[in-house]
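1. using only what follows, build the 3D model:
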Amino acid sequence: IHYMLEDSQARILITTKEIRDGLDLSKIKLKIGDDTDSISKGSSSEGMNIICLDEGSVNRSLQSEKVTNLDIKIPSDALCYIIYTSGSTGKPKGTLIQQRGMINYLNWAMDYYHTSKGNGSPLHSSIGFDATITSLFTPLLSGRTLIILPHDGEEIENIRAALQSNNNWSLVKLTPAHLELLNVIIPHEQLTGLTNYLVLGGEALLGRTVAPWRRWAPDTHLINEYGPTETVVGCAIYDDRRAEPTEGAVPIGRPIWNTQLYILDERLQPVPIGVPGELYIGGDGVAFGYLNRPELTTERFIDLNTTGLISGIILPPQGKLYRTGDRVRLQADGELIYLGRFDNQIKLRGYRIELDEIKNVIIAEPEIRDAVVI
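-> Now for the predicted structure:
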């Protein structure tokens, strides 16, 4: 947290008193003009305004603010948010998402998931998890209700209670790991009518995980949504009702609006149908790159204006592809299958973890010469 606040040079920190008091804000160096100062632990400082939402003075201040919409214009190529994800160097990397990508994803999601129908969405995941964007914004933008579930250590029980207390949710988004646990504690005959769309994302999905929903909730759309943080939440989806059920890997499907997917070999040439290759993503959702990490940006975001190695295919207008590191295969029916990673990255309950990040922290200890993380 100290690293992310300093790396982003955040000017406002919205938090709680407990979290604020657990931080050593003197470790955070902010540049103020030509000078660099550390932050005091008070409610504000010259460099950062610290707002604790559970302080009465903050609530009174917020209540005095205007409630009308802001009259501002934001260009589509402006920065929308910076979100940090695991990095193999031992430090997280800030991904720079642009407004165009966020707008494209949300408009597509509201249209495809029909979020104007149903009773809104429950939100259980952290605001620091990009999959949260689907459950957070689509119901609000569609005029529906958002129910924020408590973060009290009873996550699965809270999700179960939310699902069973309100039939006909517009959309419920979970990781496959969450769904596997819910399949155990919710009687299968009670699955029908719980939600119009059940969106699974964040990690590989197996057919056996959604099998109870296929049988007992035939009216629920079962969606496998694939997408790295660097391409705004989701860039490809598969509706499990399209084809014959399978117990094995569920395809990641086809691209969403204004998105191009390429399966390339190590020479950046397209591979034939059925041949595994690395997935590259182009289109509106591709991020600017990584904050303060020019070398890593060059490595993962391929500039086609300077590379020029791809032949025989139509390239995205932005002239840039994100190299995912994901191994995929295109089936004859046009659906993409996820096969795994080319590196040591793993997914745990939807969160991306670089095993090299853990290794680098371990071997930073002077008493340890080497380490292996599996």
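2. tell me how far His124 lies from Asp152.
-> 11 Å (Cβ to Cβ, to the nearest Å). To be clear about C-beta, it is placed using only N, CA and C from the backbone, and glycine gets the same treatment.
3. next one: Tyr351
-> 19 Å.
4. comparing these two, which shows the higher neighbour count?
-> Tyr351 (17 against 8; other Cβ atoms under 10 Å).
5. give the contact list for the more buried one.
-> Counting by Cβ atoms under 8 Å, 6 or more residues apart in numbering, Tyr351 makes contact with 86, 129, 202.
6. which of those residues count as buried?
-> Of the members of the contacts of Tyr351, the ones counted as buried by neighbours, 16 or more other Cβ atoms under 10 Å, are 86, 129, 202.
7. shouldn't the first one be in contact with Glu354?
-> Yes: between Ser86 and Glu354 there is a contact under Cβ atoms under 8 Å: 4.4 Å.
8. hey, what's in contact with both of the two?
-> Gln345.
9. returning to that earlier point: so which of the buried ones among the contacts of Tyr351 belong to helices?
-> Among the buried ones among the contacts of Tyr351, no member is found in helices (DSSP state H).
10. now render these as TSV, adding distance to Arg60.
-> TSV is the format used below for the buried ones among the contacts of Tyr351 (distance: Cβ to Cβ, whole Å):
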residue	distance to Arg60
Ser86	39
Phe129	31
Gly202	39
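11. will you turn the residues you listed into a markdown table that also has distance to Leu25 and pLDDT?
-> Shown next, in a markdown table, are these (distance: Cβ to Cβ, whole Å; pLDDT from 0 to 100):
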| residue | distance to Leu25 | pLDDT |
| --- | --- | --- |
| Ser86 | 24 | 83 |
| Phe129 | 24 | 88 |
| Gly202 | 32 | 88 |
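12. which outside residues touch stretch 71-83?
-> Against stretch 71-83 from outside (Cβ under 8 Å, 6+ apart): 8, 94-103, 128, 130, 229, 288, 291.
13. what is the mean pLDDT for that stretch?
-> Taken as a whole, stretch 71-83 has a mean pLDDT of 94.
14. do stretch 275-286 as well
-> So the average pLDDT for stretch 275-286 ends up being 95.
15. stretch 214-227 too?
-> Mean predicted lDDT for stretch 214-227 stands at 95.
16. what does it contact?
-> Under Cβ under 8 Å, 6+ apart, the answer for stretch 214-227 is 113, 134, 173, 188-201, 205, 210, 213, 233-241, 245, 250-253, 285, 336, 338.
17. how about it: buried residues?
-> 216-217, 220-227.
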